[in-house]
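*Asks:* build me a model from this:
(one chain, ligands or ions: 2)
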Amino acid sequence: PQPIRLSDYRPPAYLVDDVHLTFDLQPNTTRVKARLTVRRNGDHSEPLAFNGERLKAVSVAIDGRVLGDGEYVIDAELLTIPAPPAAFTLETEVEIDPENNKALEGLYMSGGRFCTQCEAEGFRKITFWPDRPDVLSRFTVRIEADRRFRHLLANGNLVETGELPGGRHFAVWNDPFLKPCYLFALVAGELDVLEDKLVTKSGRTVDLRIYVDPGMAPRAAYAMDALKRSMTWDEEAYGREYDLDLFMIVAVRDFNFGAMENKGLNIFNSSLLLADPATATDVDYERIEAVVAHEYFHNWTGNRITCRDWFQLCLKEGLTVFREQGFCADMRGEAVQRIKAVKVLRMRQFSEDQGPLAHPVRPSSYMKIDNFYTATIYEKGSEVIGMLKTLIGADAFRKGMDLYFDRHDGEATTVEAFIQCFAEASGRDLGDFFAWYEQAGTPRITLSATYDEAARTLELVLTQATPPSNGQETKRPLPIPVTLGLLDHEGRTLAFERDGQAMDETVIVLDQPEVKVTLTGVDSLPVVSALRGFSAPVVMKTDAEPKERYVQLAADPDLFNRWEAGQDLAADLILSRAAGKPNEVGEERYAEAVGRALNDQASDNAFKALLLALPAETDLALMRSPVDPGALHDAREALRLRLALHLDAELRRLHTGLQDLGEFSPDAAGAGRRALRNAALELMAANPRNDVADIALGHFRAAVNMTDQIGGLNALMLIGGPAFEEALADFYARWKDEPLVIDKWFALQGRDPSETALGRILGLTAHPAFDQKNPNRLRALVSSFANFNPVRFHDPSGAGYRFLADQIIAVDGFNPMTAARLVDPLGGWRRLKPELGALMKAQLERIVAVEGLSKNVYELATRALN
Ligand code: HT7
Ligand code: ZN
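*Replies:* Ligands and ions are numbered 1, 2, ... in the order given. Got it, this is the predicted structure:
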């Protein structure tokens, strides 16, 4: 297969201004009639070549005349018409089979309902079309179906409904906004609906509807609340108002991704929409709030202004993640949300950046665009915008956003056009900044500080280097904003001067291989608090000593750096132990410092819960190579044991004192309390004292919400033994009819690090409730195992790798997109200790050798091997 390159971009040869689609819905033989108003784009004589995949063509006509053989060609990918007129009506009719569409793109069936997923290139599985985001059209859609498909939904406004002979009915929808076909959506089926209204800032009333499985409407209440808060927030934070009179969301169980922002008709994976205290955890609530907001925010960043081509994907995704993170910070607290975002970034994006799948935020070539919905595009894409804001300031940033919305509304545009708005708004040349979009890899920066007591100066020397990545051997320096403040050794903020100006905090722009900055008026030997709020997506090394980290852990006013100091201390201790040099004095000192931080009355519970969690094994694995996952696991467990013993009384006190009294509330305060209580229990589980299993079992049995039930089950899993087996069986029996809860049951077992877990995990694919065809169920077991259970995944026998490869090969046969998303954990073979690396590589080779492998898996597996 040939890659597609950004440098080959050409405007579309033909545009479609209007389209009228008629769907005659039948599970196996749906007919789609399309009437397109087509216009040649520019002066050329190129043939018309519209995409079409797996379409059984019934007829093709131009201006009412049915074309005969020889007047058009249909192959596996295209409808070609050699010499069409300059402007004409193209009518096609095709037949498709939604029921047997297990790839879950195009039109398919989930839970007996019709639904669609068109991003990125699914529309070509519905009808012949120039399937690219820079063709913007006005859509009218008529849906005809049996009356048992009670709700017939599409984008925009409902303009007509009616009855048809033979127990059928119809609905006609019109979307007044121009849109690319990837935002097209259709849903048909029996659904319950939760309804509400929102009055926008200009006084328009918008009807809000969330469609769910019959009986599930009460579980959509939190999503509805999140939707209303998102709509109001976007008005306040960005001046963006919703533009249609109706906004709909539909939940489906079979979905390749989290959710989809189709214009006026978002489609959600039900796991990211449905919640009640009995079946959803606080993490679910938080995710629902974030994803509802994210998809809603796409209405402006993605839908009203879309991407010219798929290389510009970060234009809508990075920006929308950035907006989503701003919303979540306002809803749930800035510091805690920032720490969580950075944890995700490090776990997913930094590992991507260190492996063979590293790519720039704006890639320059791809084989399957579905493979580029990555942490780099989303999470690093958001970080890049955060840096832009730090560099030009909040006011210029907002002006730049306003300009972008004004200038590009209704267009399909580029990252260059986006950055240009900020250059104009700030009056700054942002030419160098663009390297953040073009260069893969995580920059390494160093910072060293020299204090001159007599002169009261602090000289800071910062350096940067970005390691080579596939296809980019040499790297340019990037403009890296390093937000920095000083503390004295008692933890008090230390003021200083920069260029004669007094301040508490400054942003140093590290835009050369080395930058020196001298701060003056520094009254005592300082502790440097650098990269505050994680002001850039880099790995920083400093010459600070552990005692300085302890000052930060106790008192840094930047809560991100307070947390980071604890993580750095813990990581050093774990890595020393894993290297055979345990520092027992240091471990004790660390445990004492964590104990003091837990007693700090000023900090909130959610923050303390984060402080209590040691760096993940996957994060630690990024810090050293070759990686020995078993040694890392044992060393981390040793520190957990030390903490559990040292903090025993404190953990018990937290566990008892933080019990939920009164009604469950999913808000930040309630979630923070439960997070800390469950984090305390998780740490207690490392303590071999006999009564801990009883406490965990009591916690599990007494739980009145899913957060505590999973917290109890998780602790029992870490302890192991008959109590765990009993609780696991009870949990299954109680929730067997709740698919979203049974997903949790699979996911928890996938994460089980105990020595005997591997056999059970591999055996779970034979469980009657396991279903490879449902991406949620598949990911619950397979992704949680491969991504969150390093010690068992990297079993010395290679059985974990073989298991993952088996799943990828099997799923690729019907759902290549989801199969490809499982490849990532096999990308790390080069960094592993050689005997493990060889076993992992062998599985990649086995995958690549499979006959008839999809482009999706082929692309990622070959890149992972190279
Ligand atoms: N924009 C949406 C991406 C998406 C997707 C991509 C590929 C295959 C299936 C998909 N479903 C949704 C989701 C988002 O980022 O908002
Ligand atoms: Zn998105």
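
*Asks:* how about the residues of the stretch 1-150 of the chain near ligand 1?
*Replies:* Gln117, Glu119, Ala120 (Cβ under 6 Å from any ligand atom). Backbone N, C-alpha and C define where each C-beta goes, glycine included.

*Asks:* now, which of those residues lie within helices?
*Replies:* Per DSSP state H, helices hold no members of those.

*Asks:* could you dump these into TSV with distance to Leu716 and pLDDT added?
*Replies:* Compiled in TSV, those are given as follows (distance: Cβ to Cβ, whole Å; pLDDT from 0 to 100):
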residue	distance to Leu716	pLDDT
Gln117	38	99
Glu119	41	98
Ala120	42	98
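
*Asks:* reformat those as CSV; add neighbour count.
*Replies:* Shown next, in CSV, are those (neighbours: other Cβ atoms under 10 Å):
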residue, neighbour count
Gln117, 27
Glu119, 24
Ala120, 20
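
*Asks:* can I get those in TSV with distance to Thr618?
*Replies:* Below are those laid out as TSV (distance: Cβ to Cβ, whole Å):
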residue	distance to Thr618
Gln117	29
Glu119	28
Ala120	28
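
*Asks:* nearest to ligand 2 among these?
*Replies:* Checking these against ligand 2 by Cβ to the ion gives Glu119 as the nearest, at 9.0 Å.

*Asks:* how is this structure carved up into domains?
*Replies:* For the chain, automatic domain parsing gives the domain ranges 1-190, 306-438, 444-544, 736-866.

*Asks:* for ligand 1, what are the nearby residues on this protein?
*Replies:* So the chain meets ligand 1 at 117, 119-120, 256-257, 259-261, 294-295, 298, 317, 370, 373, 817 (Cβ under 6 Å from any ligand atom).

*Asks:* ok, Gly162 to ligand 1 distance?
*Replies:* Gly162 sits 32 Å away from ligand 1, going by Cβ to the nearest ligand atom, to the nearest Å.

*Asks:* low-confidence stretches in the stretch 701-850 of the chain?
*Replies:* Applying pLDDT under 70 to the stretch 701-850 of the chain flags no residue at all.

*Asks:* in it, which residue sits nearest ligand 1?
*Replies:* Here the stretch 701-850 of the chain gets closest to ligand 1 at one residue, Met817, 5.6 Å apart by Cβ to the nearest ligand atom.

*Asks:* ok, now which ones touch that residue?
*Replies:* Met817 makes contact with Ala103, Leu104, Glu105, Asn256, Asp370, Asn856 under the criterion Cβ atoms under 8 Å, 6 or more residues apart in numbering.

*Asks:* please redo it, this time with the cut-off set to 6 Å
*Replies:* By Cβ atoms under 6 Å, 6 or more residues apart in numbering, the residues touching Met817 are Asn256, Asp370, Asn856.

*Asks:* also Leu860?
*Replies:* Taking Cβ under 6 Å, 6+ apart, we find Leu860 in contact with Asn371, Ala820, Val823.

*Asks:* return the distance of stretch 512-527 from the chain's centre.
*Replies:* 37 Å (Cα atoms, centre = their mean, to the nearest Å).

*Asks:* quote the end-to-end distance of that stretch.
*Replies:* For stretch 512-527, the first-to-last residue distance is 24 Å (Cα to Cα, to the nearest Å).

*Asks:* what mean pLDDT does it get?
*Replies:* What stretch 512-527 shows for mean pLDDT is 98.

*Asks:* what lies in contact with it?
*Replies:* With contact meaning Cβ under 6 Å, 6+ apart, stretch 512-527 is reached by 451, 456-463, 477, 486-488, 494, 496-498, 508, 548, 551.

*Asks:* out of the contacts of Leu860, grab the one that's most surrounded.
*Replies:* Val823 (25 neighbours; other Cβ atoms under 10 Å).

*Asks:* just the element for the closest residue to that one other than its chain neighbours, please.
*Replies:* With Cβ to Cβ, 6 or more residues apart in numbering as the criterion, Val823 has its nearest non-adjacent residue at 4.2 Å, and that residue is Leu860. Following DSSP states H and E, one finds Leu860 within helix 855-865.

*Asks:* swap in Trp436?
*Replies:* Using DSSP H and E, Trp436 falls in helix 435-438.

*Asks:* what's in contact with the helix or strand following that helix?
*Replies:* For helix 435-438, the succeeding helix or strand toward the C-terminus, using DSSP H and E, is strand 444-452. When contacts are defined by Cβ under 6 Å, 6+ apart, strand 444-452 is touched by residues 458-465, 525, 528, 530, 538-543.

*Asks:* helices or strands up against the helix or strand that comes right after strand 444-452?
*Replies:* Scanning forward in sequence from strand 444-452 by DSSP H and E, the next helix or strand is strand 457-465. If contacts are counted by 3 or more Cβ pairs under 6 Å, 6 or more residues apart in numbering; DSSP states H and E, strand 457-465 sits against strand 444-452, strand 514-519.

*Asks:* tell me the angle strand 457-465 makes with strand 444-452.
*Replies:* 170 degrees (axes from the mean of the first three to the mean of the last three Cα atoms, to 10 degrees).

*Asks:* offset the numbering so it begins at 34, please.
*Replies:* New numbering, starting at 34: the last item is strand 490-498.

*Asks:* mind listing the strands strand 490-498 pairs with, and their directions?
*Replies:* Sheet pairing for strand 490-498, assigned by DSSP bridges, gives strand 477-485 (antiparallel), strand 547-552 (antiparallel).

*Asks:* those into TSV, with extra columns for distance to Gln505 and mean neighbour count?
*Replies:* Formatted as TSV, the strands paired with strand 490-498 follow (distance: least, Cβ to Cβ, whole Å; neighbours: other Cβ atoms under 10 Å):
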stretch	distance to Gln505	mean neighbour count
strand 477-485	15	16
strand 547-552	21	16
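
*Asks:* could you dump the ones you listed to CSV with distance to ligand 2?
*Replies:* Putting these into CSV (distance: least, Cβ to the ion, whole Å) gives the following:
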stretch, distance to ligand 2
strand 477-485, 29
strand 547-552, 35
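
*Asks:* any chance of those strands in a markdown table, plus distance to Gly613?
*Replies:* A markdown table is the format used below for the strands paired with strand 490-498 (distance: least, Cβ to Cβ, whole Å):
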| stretch | distance to Gly613 |
| --- | --- |
| strand 477-485 | 26 |
| strand 547-552 | 35 |
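
*Asks:* do I have it right that Lys89 meets Asp130?
*Replies:* No. Between Lys89 and Asp130 there is no contact under Cβ atoms under 6 Å: 8.4 Å.

*Asks:* more neighbours, those two?
*Replies:* Each of Lys89 and Asp130 has its neighbours counted (other Cβ under 10 Å); Asp130 has more, 16 against 12.

*Asks:* and Ala679, how close does it get to ligand 1?
*Replies:* If you look again at residue 679, you'll see it is His, not Ala. Counting by Cβ to the nearest ligand atom, the gap from His679 to ligand 1 is 43 Å.

*Asks:* residues near that residue, how many?
*Replies:* 17.

*Asks:* which residues does Ala712 contact?
*Replies:* Ala642, Leu645.

*Asks:* tell me the secondary structure for it?
*Replies:* Assigned by DSSP: H, G, I helix; E, B strand; the rest coil, the conformation of Ala712 is helix.

*Asks:* contacts for the helix holding Trp469?
*Replies:* Identification of contacts with helix 468-471 by Cβ under 6 Å, 6+ apart yields Pro393, Val394, Arg395, Val417, Val448, Arg509, Leu511.
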